[in-house]
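Novice: Just need the structure, nothing else, for what follows:
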Amino acid sequence: MAPKHHPTPLSGGDRKALKKELGRARAVTTLLAAQSAEMRARGEALIQQADRLLCESWNERMWADGGPIDPSPTIDQALNGGYCWIEIECSRCRTPNKVDLAALRHPSTTCVHDLVGRLRCSKCAKAGKRPPATLLQLAQRARHGDPET
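Specialist: This is a model prediction of the structure:
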């Protein structure tokens, strides 16, 4: 978009007034842009805190009630809240596993509880079995060794 053209007034007093108003408008623009950036940063911090609390609440409900509880946070919400791992357990061999949520090839809007049917134990898969995984909880970091998918 082309800059707005303000025709220069003929009289000296009007030229000074126009220059003063243009300077004031530019200063207000800078202030409003700074306020907008500050409010956006505060809003993003609040959203991140809300996502973290949602994940903590879901983990507590999983511990108290067991089983994949609907509704669960989405992959995006879990990652934004700092929960980058999902802890699962093989329903056949009871081997615990950690899966990196960022490495999954699923849309980021997928709910965490929907992943249960898609995740399998790599140990049992090598033996020709494909039992479903049991979802345990979301975790902020891996607790044991290297993650497996």
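Novice: Whatever helix or strand residue 14 lives in - contacts with which helices or strands?
Specialist: Assessed by DSSP states H and E, residue 14 sits inside helix 12-65. With contacts taken as 3 or more C-beta pairs under 8 Å, 6 or more residues apart in numbering; DSSP states H and E, helix 12-65 sits against helix 75-80, strand 133-139. Quick note: C-beta positions are derived from backbone N, CA and C, even for glycine.
Novice: Same list as before, those that is, but in TSV and with mean pLDDT included.
Specialist: Putting the helices and strands packed on helix 12-65 into TSV (pLDDT from 0 to 100) gives the following:
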stretch	mean pLDDT
helix 75-80	91
strand 133-139	85
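Novice: Could you export the ones you listed as JSON lines, including distance to residue 55?
Specialist: Supplementary listing: the helices and strands packed on helix 12-65 in JSON lines, determined by distance: least, C-beta to C-beta, whole Å:
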{"stretch": "helix 75-80", "distance to residue 55": "6"}
{"stretch": "strand 133-139", "distance to residue 55": "5"}
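Novice: got a markdown table for the ones you listed, with mean neighbour count and distance to residue 40 too?
Specialist: Listed next are those as a markdown table, based on neighbours: other C-beta atoms under 10 Å; distance: least, C-beta to C-beta, whole Å:
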| stretch | mean neighbour count | distance to residue 40 |
| --- | --- | --- |
| helix 75-80 | 20 | 15 |
| strand 133-139 | 20 | 27 |
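Novice: Residue 82: how many residues sit nearby?
Specialist: Counted with other C-beta atoms under 10 Å, residues neighbouring residue 82 total 15.
Novice: mind checking how far it is from residue 93?
Specialist: Residue 82 is 30 Å from residue 93, where distance means C-beta to C-beta, to the nearest Å.
Novice: in the worst-scoring helix or strand of the chain on mean pLDDT, what counts as buried?
Specialist: In the chain, no helix or strand scores lower on mean pLDDT, DSSP states H and E than helix 122-126, which sits at a mean of 77. For helix 122-126, the neighbour count (16 or more other C-beta atoms under 10 Å) marks residue 124 as buried.
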